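Student: Fold the following for me, if possible:
(2 chains)
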Amino acid sequence: MTGGSPAGLTGRPEVLNGPFTTRQLLRLDEALRLADSSTGLTFSIYVGDLEEPGRTYAEKLHGQLADPANTVLIALSPNQRVLEIVTGGEARRRLPDRAAKLAALSMAAAFGGGDLAGGLVSGLAQLADHAGKH
Amino acid sequence: MSIIETTLIFAGIPVAVILIIAGAVYAGGSRRSRRYRPGRPFDFTPVWFLSAPEQQTEAAHARELTGVRRAELTASGESSGVTDWSGDRTQPQVIGGASDRW
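Tutor: Next up, the predicted model:
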């Protein structure tokens, strides 16, 4: 999110048509950077529809990242009300499924209240906390 | 004070104030609210974020986090990241994680 958009100079960047406001985007950017730098893992957030079955699709998205083994993907679909956390093989050692489930529960609680950005920020912090320092 | 003056002061001024406030409220509320409410359709462009995308993605289109469309992101490579979790195929590298609904 640190990359500037060329559209930003001429008009409204496309990311603003997404589910987040500018302020929320800044908070998410900060949270992502903090999580990445403190753990050494790569965290990624996808917000959009997940093709059925959602789990398989989220894993497919995860596989498209450069280093899937060290990547944690948080994929959520607000319309389907589905949240998937995918951890790569290496990331899973530091972030067991139980910890991922705990973060998923708290994120889903925030999403259920309509707070997408807040849930993501606190979920990221929780995941990064659990993965520990690198 | 004549009847007209009294009416103007005690009815006209309050009515004017009410109209001004109502006008201000509707002028501000015309902006479409983009709030997500669970259960109601929420129309938005799919987004995919990484903190340092230029180092971490193979997809050239995903280089900038500009709310790239999913079709563009997924067009770059057809990798099958299917695991024992989803139960479709087994794969040497085991992917973990969690799912939830709300």
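Student: Pairing-wise in the sheet, spell out the partners of the residue most central in space within chain A.
Tutor: Centroid check for chain A by CA atoms, centre = their mean gives A:Ile45 as the closest residue, at 2.6 Å. Note on A:Ile45: beta-bridge partners by DSSP bridges are A:Ile74, B:Phe49.
Student: got the contact list for it?
Tutor: If you count contacts by CB atoms under 8 Å, 6 or more residues apart in numbering or on different chains, A:Ile45 has them with A:Leu28, A:Leu32, A:Leu73, A:Ile74, A:Ala75, A:Leu76, A:Leu120, A:Leu124, B:Val47, B:Trp48, B:Phe49. Just so you know, the C-beta spots here come from the backbone N, C-alpha and C atoms, and that holds for glycine as well.
Student: Could you rerun that using 10 Å?
Tutor: Listed by CB atoms under 10 Å, 6 or more residues apart in numbering or on different chains, the contact set of A:Ile45 reads A:1, A:20, A:28, A:31-32, A:72-76, A:116, A:120, A:123-124, B:47-51, B:65.
Student: hey, where'd the strands end up in the chain?
Tutor: Reading this off chain A. With DSSP state E, the ranges of strands along chain A come out as A:42-47, A:71-77, A:82-87.
Student: should've been chain B
Tutor: Using DSSP E, the strands of chain B run over B:47-50, B:96-101.
Student: now these in CSV, with mean neighbour count and mean pLDDT?
Tutor: Listed next are those as CSV, based on neighbours: other CB atoms under 10 Å in any protein chain shown; pLDDT from 0 to 100:
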stretch, mean neighbour count, mean pLDDT
strand B:47-50, 26, 89
strand B:96-101, 21, 91
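Student: can those strands go into a markdown table with extra columns for distance to A:Asp97?
Tutor: What follows is these, written out as a markdown table (distance: least, CB to CB, whole Å):
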| stretch | distance to A:Asp97 |
| --- | --- |
| strand B:47-50 | 23 |
| strand B:96-101 | 5 |
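Student: right, and the ones you listed - which one's nearest A:Glu84?
Tutor: Closest to A:Glu84 of the strands of chain B, according to CB to CB: strand B:96-101, at 5.3 Å.
Student: and the angle for that closest one with strand A:82-87?
Tutor: Per axes from the mean of the first three to the mean of the last three CA atoms, to 10 degrees, the angle that strand B:96-101 makes with strand A:82-87 is 170 degrees.
Student: can strand B:96-101 be found next to chain A?
Tutor: Yes. Residues of strand B:96-101 contacting chain A under CB under 10 Å from any CB of the partner chain: B:Gly96, B:Gly97, B:Ala98, B:Ser99, B:Asp100, B:Arg101.
Student: what about the longest helix in chain B?
Tutor: Scanning chain B for the longest helix, with DSSP state H as the assignment, gives helix B:13-29.
Student: before we move on, what about chain A?
Tutor: helix A:22-39.
Student: Indicate whether that helix makes contact with chain B.
Tutor: Yes. Shown here: helix A:22-39 in contact with chain B (CB under 10 Å from any CB) through A:Leu25, A:Leu28, A:Asp29, A:Glu30, A:Ala31, A:Leu32, A:Arg33, A:Leu34, A:Ala35, A:Asp36, A:Ser37.
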